[in-house]
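**Q** Here is a sequence with its predicted model. Questions after.
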Amino acid sequence: MHELSIALSIVETAVEEATKAGASSISKVEVEIGTMAGIEVDALQFAWDSVIRDTIAGEAELVIHSIQAEAHCLECGTDFPVDNFFTQCPSCKSYRYRVTHGKELRVSSLMVD
């Protein structure tokens, strides 16, 4: 369950940035997660409750924004949404493409007090 280590990293980042800003508590952490980032959102949410205990993020809400994966076909140049690595280009049916969006994992904002 690598979501536990991901949750720990998110909390560490949030606490570090909130501390730099002189905040005493974090009430909300917003993250962006790509649909092909390999992260199980439910497991991340479950792990969140454990990792925020005894930190300044102890009451923080985790808000997850999903980013739909997109790819660029290396054969015909078509840009298209992808759901998995077995998706074909809808124009030329090629499997030769580069995923351009959807593998992201980033803390996008914090709400602090």
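**A** Received it, and whenever you're ready, just let me know what you need.
**Q** For the rest of this, base every contact and every neighbour count on C-alpha atoms.
**A** Will do.
**Q** Tell me where this protein is predicted with low confidence.
**A** Counting by pLDDT under 70, the chain has low-confidence residues at 1.
**Q** where along the chain do the helices fall?
**A** 3-20, 41-51 (DSSP state H).
**Q** quick one: contacts of the last one?
**A** Identification of contacts with helix 41-51 by C-alpha atoms under 8 Å, 6 or more residues apart in numbering yields 1, 3, 4, 6, 7, 8, 11, 62.
**Q** which residues touch residue 88?
**A** 94, 95.
**Q** Give me the distance between it and residue 94.
**A** Distance from residue 88 to residue 94, counting by C-alpha to C-alpha, to the nearest Å: 6 Å.
**Q** contacting residues around the residue nearest the centre of the chain?
**A** With distances taken as C-alpha atoms, centre = their mean, residue 33 lies nearest the centre of the chain, 2.3 Å away. Contact partners of residue 33, counting by C-alpha under 8 Å, 6+ apart, are 39, 64, 65, 66, 67, 102, 103, 104, 105, 106.
**Q** and those residues, which are buried?
**A** Those of the contacts of residue 33 that meet the buried threshold are 39, 64, 66, 67, 102, 103, 104, 105, by 16 or more other C-alpha atoms under 10 Å.
**Q** JSON lines for those, including distance to residue 29?
**A** JSON lines is the format used below for the buried ones among the contacts of residue 33 (distance: C-alpha to C-alpha, whole Å):
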{"residue": "39", "distance to residue 29": "17"}
{"residue": "64", "distance to residue 29": "9"}
{"residue": "66", "distance to residue 29": "14"}
{"residue": "67", "distance to residue 29": "16"}
{"residue": "102", "distance to residue 29": "20"}
{"residue": "103", "distance to residue 29": "19"}
{"residue": "104", "distance to residue 29": "16"}
{"residue": "105", "distance to residue 29": "13"}
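**Q** Residue 100 against residue 70, yeah?
**A** Yes: between residue 100 and residue 70 a contact is recorded at 5.7 Å, counting by C-alpha atoms under 8 Å.
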